[in-house]
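*Asks:* task: produce atomic coordinates for the following.
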Amino acid sequence: MDVSILIVSYNTCKLTLDCLQSVYASETEYSYEVIVIDNDSKDDSVRQIEQSYPQARLIRNEDNTGFAKANNQGMEIARGRYVLLLNSDTVIQPDTLEIMLSFMDSRPDVGASGCKVILPDGSLDKACKRGFPTPSASFYYAFGFSKLFPNNPRFNQYQLGYLSPDEEYEIDCLVGAFMLVRKETIDEVGMLDETFFMYAEDTDWCYRIKQAGWKNYYYPRTTIMHYKRASSRNKPLRITYEFHRSMVIFYNKHYKQKYPFWVSWCIYAGIAVQFALAIIKSKLLSR
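*Replies:* Next comes the predicted model:
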């Protein structure tokens, strides 16, 4: 088996079916298996998936275990030389698997790779090629310096806006919506950290992959469509909380010991303010 494709489903029935359709329409000589992990969807996802795609291996959870844990469940039974994390709200191209797997086979030094990710409006999903959220990168991003100076590497450490989205290169961080990882790499660095419910688990994985000496690579020779945040639209408060909680977890895990206490306090204060503003914005929009 060449690649195990893991799709976590949560109340995204139509989108998940569209995603599966795009996968099974792939034009590739590589062998693949599809593992769908359903996180206790309340819609018709499980029945529809079983009926429409009986060849997919389906794990039915009795509660919402989160993105990291669900993907780990899939990895535990995966048989492929590679594992592909693929969001349920994505659609891949017929050539996506062929191009990405060929690239990985040609580059044994690459532990994980991702392709170009496009949003429904045709713009780039900037999360598909990122730097790590160091304190300086986070500061320049949070306070708008990256927008003011889009071509300046110093102020664009996080979203890497100064790098062309049509060129290939090594980067720090890929996006969990499409992340192709070598099984050998997973065996070395471990699976996703289940401390993260959702958000930042991909960043943490990329960090550990790079720390172990592997490369993370952006390879835009194929594209996918990403209908972003489809599974999180119905629970904005929980999602907002988990998003900001993930920032704290990541900082404590990888950066806290590297910086003086006052930097940590500034980071925590910044996250708290962002969280409060996000809650206020959500309340105002819901009126």
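*Asks:* let me see the ranges of the helices in this structure.
*Replies:* 13-24, 45-52, 67-77, 96-106, 135-142, 145-148, 183-189, 201-211, 236-254, 261-285 (DSSP state H).
*Asks:* now tabulate the ones you listed in JSON lines and tack on mean neighbour count.
*Replies:* From N, CA and C alone the C-beta is placed, and that goes for glycine too. Formatted as JSON lines, these follow (neighbours: other Cβ atoms under 10 Å):
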{"stretch": "helix 13-24", "mean neighbour count": "19"}
{"stretch": "helix 45-52", "mean neighbour count": "16"}
{"stretch": "helix 67-77", "mean neighbour count": "21"}
{"stretch": "helix 96-106", "mean neighbour count": "19"}
{"stretch": "helix 135-142", "mean neighbour count": "18"}
{"stretch": "helix 145-148", "mean neighbour count": "15"}
{"stretch": "helix 183-189", "mean neighbour count": "16"}
{"stretch": "helix 201-211", "mean neighbour count": "22"}
{"stretch": "helix 236-254", "mean neighbour count": "17"}
{"stretch": "helix 261-285", "mean neighbour count": "13"}
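*Asks:* what distance separates stretch 157-173 from the centre of its chain?
*Replies:* 16 Å (Cα atoms, centre = their mean, to the nearest Å).
*Asks:* how about the helices of the chain, which one is nearest V3?
*Replies:* Of all the helices of the chain, it is helix 96-106 that lies closest to V3, at 6.1 Å by Cβ to Cβ.
*Asks:* what sits against Q211?
*Replies:* Going by Cβ atoms under 8 Å, 6 or more residues apart in numbering, Q211 touches V189.
*Asks:* and the gap between it and F155?
*Replies:* 25 Å (Cβ to Cβ, to the nearest Å).
*Asks:* out of the helices of the chain, which is closest to M1?
*Replies:* Nearest to M1, of all those, is helix 183-189, at 9.9 Å by Cβ to Cβ.
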